[in-house]
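Asks: Structure for this input, please:
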Amino acid sequence: MMKQTSTGPAEQADFWRRASRALAGGVDSPVRAGRAVGEPTPPIEQGSGARVRDAGGHEYIDYLCAYGPVLLGHGDARISERVSETLAKGAVFGATHPEEVRLAERLISRFPSMERVRLVNTGTEACMAAVRLARAVTRREKFIRFDGCYHGHSDEMIFSAGASSQSSPTLGSGISAGASHDVLVLPYNDIFAVDRAMRAHRHEIAAIIVEPVCGNMGLCLPVAGFLEGLRDLSRSFGSVLVFDEVITGIRVAPGGAQAVLNIRPDLTCVGKALGGGLPIAAFGGRGDIMAKLAPEGPVFQGGTFSGNPACVAAAHALLDAIEADPAFYERLERAAERLADGLRQIMTRLGLGCPVVQYSSMVDFMFRKGPPHQNMPQARQADSATYARYYRAMLQRGVLLPPSPLELMFLTAAHTDADIDTTLKAAAESLRLLAA
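Replies: Modelled structure (predicted):
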């Protein structure tokens, strides 16, 4: 049970004044400021299962779920107990320990594309290192990524990205001309644009990096043949295909989206849900490519906290919980389908025509009519002001959504049918007000 607390408006106002004085922008990640919805995400004090409680004592059914890492639910005892036991033996050593080797072995068994693995701390590090590695292997400088795909906040990834990044490829955003020069940003789902770019830069493209299922411009699914086309083109032109499965890797299936879609990339990045709430990520791939990493090869990548015992213990606890429950993914998907179907029925009943998209335990809709969006320009057509009103209406009804129309609703193993029923009731009331 969560501890009951209560603070008034004056105390909350004081909290944000303190935050603004002490933290740059009042937050440690810009999306938390809630500029897209007109107010910051409530300051959360604790969470249990599928619910969180803010500093004012208000409880919410949580679909933010830390933007994807929370998979079992908040405060899961299996993870906290394992981490506590590990911390009592030492938090970090700066030396390889048996459990990080075992975790790498478990990832290799889940992802056939990962013949060897390197553990890191964040998805940003994983994607950055994967591209560096691809450059070393191919001896080429340029790489392709896609408008609306977010691969972390390194200089070459942060502009024309999805999520809540508003960075442009200019010095005003801290991006040098050199960093942007080697990046080709193309429309997602446009295989013809990729083909043209590969032919125009025949001996220059080191890598293609892509979210196989996009979770950073809303939930955007690949059209038939797109990912297969990337696989074929990268092989034909001698480039490295990198799947950024930081969101999807552990969340959607034992072997990630690549297993569901039956496409094998050269390198894979995973993170977020892997740590059960703690910061850990990994990248891995073909043995000959991974052999280029130091100390075997010339490509340096390192980190003081990489593979640290506490985060590795959390990852093991998460994987143990999933493997002990053969119906884990099936049950998660069934809950997401129930939520998505309920939202579709509400949309139809109210004549709103907003397409609801669901993939595994992720659900999303945008305030735009027509079929589901297939790229970032279509995502930008959504009515963000209406989403802001919807977000606030749902918050008032005890449902916490992402504070941005480009983010997703995530479900956890702790969400119950009763939670979904309550959510659908709140959505019906909120959307009815907006429709009126």
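Asks: where do the strands sit along the stretch 101-250 of the chain?
Replies: Along the stretch 101-250 of the chain, counting by DSSP state E, counting those that start in this stretch, strands occupy 116-120, 142-147, 183-187, 205-210, 240-245.
Asks: any idea what sits nearest the residue nearest the centre of the chain, other than its immediate chain neighbours?
Replies: For the chain, Ile247 is the residue whose C-alpha lies nearest the centre (CA atoms, centre = their mean; 3.5 Å). Leaving aside its chain neighbours, Ile247 sits nearest to Gly215 (4.2 Å; criterion: CB to CB, 6 or more residues apart in numbering). For glycine as for every other residue, the C-beta is placed from the backbone atoms N, C-alpha and C.
Asks: So the one you found is in contact with Gly123, correct?
Replies: No - using CB atoms under 8 Å, Gly215 makes no contact with Gly123, being 11.2 Å away.
Asks: what sits against Asp419?
Replies: Shown in contact with Asp419 (CB atoms under 8 Å, 6 or more residues apart in numbering): Ala50, Ile61.
Asks: give me the element it is part of.
Replies: helix 417-435 (DSSP states H and E).
Asks: ok, and for that helix, which residues are buried?
Replies: Asp419, Ile420, Thr423, Leu424, Ala426, Ala427, Ala428, Ser430, Leu431 (16 or more other CB atoms under 10 Å).
Asks: And the average pLDDT for the longest helix belonging to the chain is what?
Replies: In the chain, assigned by DSSP state H, the helix with the most residues is helix 328-350. On average, the pLDDT along helix 328-350 is 97.
Asks: Dump the strands of the stretch 101-250 of the chain to CSV, plus distance to Gly285, mean neighbour count and mean pLDDT.
Replies: Below are the strands of the stretch 101-250 of the chain laid out as CSV (distance: least, CB to CB, whole Å; neighbours: other CB atoms under 10 Å; pLDDT from 0 to 100):
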stretch, distance to Gly285, mean neighbour count, mean pLDDT
strand 116-120, 7, 23, 98
strand 142-147, 15, 24, 98
strand 183-187, 21, 19, 97
strand 205-210, 11, 26, 98
strand 240-245, 8, 29, 98
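Asks: out of the ones you listed, nearest to Pro279?
Replies: strand 116-120 (9.5 Å; CB to CB).
Asks: list the helices and strands the closest one packs on?
Replies: Where contact means 3 or more CB pairs under 8 Å, 6 or more residues apart in numbering; DSSP states H and E, strand 116-120 is packed against helix 98-110, helix 123-138, strand 281-285, helix 287-290.
Asks: and it, which strands flank it?
Replies: Strand 116-120 has the following strand partners under DSSP bridges: strand 281-285 (antiparallel).
Asks: related to what we said a few turns ago, wait, which of the buried residues of helix 417-435 is closest to Glu330?
Replies: Using CB to CB, the buried residues of helix 417-435 come closest to Glu330 at Ile420, 16.0 Å.
Asks: Can I get the helix holding Asp419 as PDB, trimmed to CA atoms?
Replies: C-alpha atoms of helix 417-435 as PDB (Å, rounded to 0.1, in the frame of the first residue of the first chain):
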ATOM      1  CA  ASP A 417      -9.100  -5.100 -15.900                       C
ATOM      2  CA  ALA A 418     -10.400  -2.800 -13.200                       C
ATOM      3  CA  ASP A 419      -7.700  -0.300 -14.000                       C
ATOM      4  CA  ILE A 420      -8.600  -0.400 -17.700                       C
ATOM      5  CA  ASP A 421     -12.300  -0.100 -17.000                       C
ATOM      6  CA  THR A 422     -11.600   3.000 -14.900                       C
ATOM      7  CA  THR A 423      -9.400   4.400 -17.600                       C
ATOM      8  CA  LEU A 424     -12.000   3.900 -20.300                       C
ATOM      9  CA  LYS A 425     -14.600   5.500 -18.200                       C
ATOM     10  CA  ALA A 426     -12.300   8.500 -17.700                       C
ATOM     11  CA  ALA A 427     -11.500   8.600 -21.400                       C
ATOM     12  CA  ALA A 428     -15.200   8.500 -22.300                       C
ATOM     13  CA  GLU A 429     -15.900  11.500 -20.000                       C
ATOM     14  CA  SER A 430     -12.900  13.500 -21.100                       C
ATOM     15  CA  LEU A 431     -13.400  12.900 -24.900                       C
ATOM     16  CA  ARG A 432     -17.100  13.700 -24.600                       C
ATOM     17  CA  LEU A 433     -16.200  17.100 -23.100                       C
ATOM     18  CA  LEU A 434     -13.800  17.700 -25.900                       C
ATOM     19  CA  ALA A 435     -16.200  16.600 -28.500                       C
END
